[in-house]
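# structure, please.
(4 chains)
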Number of protein chains: 2
Amino acid sequence: MNMVKKPESQAGKVRKGSTGWMLKILCTSLDAEMSDELRRLGLNLGQFAVLMTLSEAEGLTQSEIGKKITMPGYATTRTIDALEEKRFVERRKDNRSRRSYRIYLTDQSRKVVPQLFAVVGKVNEHLLSALTPKEQKDFMKILQKLVLSRTE
Amino acid sequence: MNMVKKPESQAGKVRKGSTGWMLKILCTSLDAEMSDELRRLGLNLGQFAVLMTLSEAEGLTQSEIGKKITMPGYATTRTIDALEEKRFVERRKDNRSRRSYRIYLTDQSRKVVPQLFAVVGKVNEHLLSALTPKEQKDFMKILQKLVLSRTE
DNA sequence: TATTGTTATACTCTATAACTATA
DNA sequence: TATAGTTATAGAGTATAACAATA
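Presented below is the predicted three-dimensional model:
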């Protein structure tokens, strides 16, 4: 066999010790889990993000939604097109600016939102179940700090 | 104005308190940073992952590489095609199985690998710089535990 | 002039499944 | 029959830039 295995090489340490690498693995795994759950509701991750944002504050404009979830304009347009076609959101004329729409949930999607919360809860719970209560608390606190440091 | 803002709604808590959501935000941010750095070296994230894997153990088959980084066969083929075209890897006949190749770095890519380590180091350092030394240690430990729980 | 939203277009990524050649 | 690797092909996602309407 001609495989050259370096004795717990520098590379091994770089990779396994890399915070970014570990975050990536976790994210890939979580994305797959979320996508599976959402597929059953006929949604993809982008559509899910928009619905979650609206469940927090309805009547946002498209650009406000896009900004909240860092989704570019063209993608926001198409995601909302898809959600509108499924009757999950509604575009209403803005009564202040005639070039903006305000986006609202529908009766149909309001029934789905609790299921979205449930999915989020389930996936988070599954993730955190590997940790002790103290670790869970530490982890959340650190994540909040990191997210803040990257978004301001 | 017809925006309906719910008073720090259930949804707000679900979203902001969601570990998965925060992980996603971090990952997106890190991916963008990594991609920017790698673009200068003419690499994308998939190619980077393959090179890092090879820098740890050369002479793997394509399917072994794909398995290590959870990349499907068709993507592994194409990533290695692209790397081969850039003279960053070399396919050598396996001397045991005539249907497998063994993949090796080249002199050229061996010069690039230290730069890859440097990029990883830089991005990790930037990420962790928002945390105290104690938090950094806790964070790494927790991530290792979580990755382990998801990959076995 | 700048902004909101849309669209044409191209390009990349991802996924399926069929295929060759081995084992 | 199963596996390693390749490829055709289709679909989804991403990006750029141009555009109309409006501010």
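
# pLDDT below threshold where in chain A?
A:1-16 (pLDDT under 70).

# so which bits of it are right by DNA strand D?
Residues of chain A found near DNA strand D (CB under 7 Å from any atom of the strand) are A:44, A:46, A:72-75, A:78, A:96-99. Bear in mind the C-beta positions are built from the backbone N, C-alpha and C, glycine included.

# one more time with 10 Å
Residues of chain A that fall close to DNA strand D, judged by CB under 10 Å from any atom of the strand: A:35, A:43-47, A:70-75, A:77-79, A:82, A:93-100.

# restricted to strands, list those.
The members of these that map onto strands under DSSP state E are A:Lys93.

# tell me which stretches of chain A form strands.
Here chain A has its strands, by DSSP E, at A:4-5, A:57-58, A:89-93, A:101-105.

# go through those and pick out the most buried.
Among the strands of chain A, strand A:101-105 has the highest mean neighbour count (mean count of other CB atoms under 10 Å in any protein chain shown), at a mean of 20.

# which of the residues of chain A next to DNA strand D are close to DNA strand C?
Restricting the residues of chain A next to DNA strand D to those near DNA strand C by CB under 10 Å from any atom of the strand leaves A:35, A:72-75, A:77-79, A:94, A:97-100.

# out of these, which are buried?
A:79, A:94, A:100 (16 or more other CB atoms under 10 Å in any protein chain shown).

# is chain B contacted by stretch A:66-73?
Yes. Part of stretch A:66-73 sits near chain B under the criterion CB under 8 Å from any CB of the partner chain, namely A:Thr70.

# now the end-to-end length of that stretch.
From its first residue to its last, stretch A:66-73 covers 6 Å (CA to CA, to the nearest Å).

# just give me how far that stretch sits from the chain centre.
Mean C-alpha position of stretch A:66-73 versus that of the full chain (CA atoms, centre = their mean, to the nearest Å) differs by 12 Å.

# other residues contacting it?
Applying CB atoms under 8 Å, 6 or more residues apart in numbering or on different chains, the contact partners of stretch A:66-73 are A:46, A:49-50, A:53, A:60, A:62-63, A:65, A:75-76, A:79, B:28.

# can we see that at 7 Å?
Here stretch A:66-73 makes contact (CB atoms under 7 Å, 6 or more residues apart in numbering or on different chains) with A:46, A:49, A:53, A:63, A:76, A:79, B:28.

# quick check: residues of chain A near DNA strand C?
So chain A meets DNA strand C at A:28, A:31-32, A:35, A:60-67, A:72-81, A:84, A:91, A:94, A:97-103 (CB under 10 Å from any atom of the strand).

# quick one: the residue nearest the centre of chain A and A:Thr76, what's the gap?
In chain A, the C-alpha nearest the mean C-alpha coordinate belongs to A:Ala49, at 5.4 Å (CA atoms, centre = their mean). To A:Thr76, A:Ala49 is 10 Å away according to CB to CB, to the nearest Å.

# end-to-end on stretch A:92-106?
With CA to CA, one end of stretch A:92-106 sits 12 Å from the other.

# distance between that stretch and the chain's centre?
24 Å.

# over to stretch A:113-133?
Taking mean C-alpha positions (CA atoms, centre = their mean), stretch A:113-133 and its chain are 13 Å apart.

# burial of the residue lying closest to A:Thr77 once chain neighbours are set aside, as a residue count?
Sequence neighbours aside, A:Gln62 is the residue nearest to A:Thr77 in space, at 6.6 Å (criterion: CB to CB, 6 or more residues apart in numbering or on different chains). A:Gln62 has 19 neighbouring residues, counting by other CB atoms under 10 Å in any protein chain shown.

# same deal with A:Ala32?
Using other CB under 10 Å: A:Ala32 sits among 11 other residues.

# got a list of what the nearest residue to A:Glu33 once chain neighbours are set aside touches?
Using CB to CB, 6+ apart and skipping residues adjacent in sequence, the residue nearest A:Glu33 is A:Val123, 5.4 Å away. Applying CB under 7 Å, 6+ apart, we find A:Val123 in contact with A:30, A:33-34, A:37, B:20.

# and which of those residues is nearest to A:Ala118?
Nearest to A:Ala118 among these is A:Glu37, at 9.0 Å by CB to CB.
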